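could you work out the structure for the sequence below:
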Amino acid sequence: MGWKMKEKIVAMLRQSAEPLSGEEISRRLEVSRVAVWKQIGQLKESGIEIEAGTKGYRLLSSPEVPLPWLFGERSSRIHYFPEVDSTMNRATELARAGCPPFTVVVADRQSAGRGGCSGNGNPPTAGSTFPWCSARACCPGRVR
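Below you'll find the model as predicted:
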């Protein structure tokens with residue numbers, strides 16, 4: 001449920017030319033100001049730049065990474081990591097644990113990736129990521 005509130009807060013901040021007070025956000029979402037404050041804190045921790053001033057909150061920038069909560073109801077299928085040993089390893093672990101079909105694993109950097117980048121763990125171009133879709137999507141009984 002937290003992803004819905006985060007999604008709505010970011011949408012409100014994007015649409016507003018002026019800072020929005022915690023009171024205004026809480027009124028629109030029908031939650032307490034403390035709940036808004038906690039969600040804003042989590043948004044900041046995820047890399048979204050939000051300025052908190054005397055007039056309220058203002059969105060400064062949002063990172064260009066696939067934060068799971070940006071995907072709404074599909075958020076449980078998105079697994080983003082700034083760095084992993086291998087996206088394939090993470091996807092295999094998730095598949096073994098019973099992840100839902102079409103689960104996606106994405107990383108900015110791999111330390112032991114198995115392909116595509118000459119094994120150096122760096123994306124081919126700046127801003128690229130390493131996506132990997134779970135094998136459970138096509139063959140759920142074959143993941144070992």
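
how far off centre is the helix or strand hosting residue 24?
Assigned by DSSP states H and E, residue 24 belongs to helix 22-29. Chain-centre distance of helix 22-29: 23 Å, with C-alpha atoms, centre = their mean, to the nearest Å.

next helix or strand past that helix?
Sequence-wise, the next helix or strand downstream of helix 22-29 (DSSP H and E) is helix 33-45.

between helix 22-29 and that next one, find me the angle.
Interaxial angle, helix 33-45 versus helix 22-29 (axes from the mean of the first three to the mean of the last three C-alpha atoms, to 10 degrees): 100 degrees.

could you find the closest non-adjacent residue to residue 71?
Excluding the flanking residues, the one nearest residue 71 by C-beta to C-beta, 6 or more residues apart in numbering is residue 78, at 5.0 Å. No exception for glycine: its C-beta is placed from N, CA and C like everyone else's.

average pLDDT for the helix holding residue 24?
For helix 22-29, mean pLDDT is 96.

hmm, back to that, pretty sure the residue nearest to residue 71 contacts residue 100?
No - when contacts are counted by C-beta atoms under 8 Å, residue 78 is not listed as touching residue 100 (10.8 Å).

those two: which has the busier surroundings?
Neighbours per residue, other C-beta atoms under 10 Å: of residue 78 and residue 100, the larger number sits with residue 78, 17 against 12.
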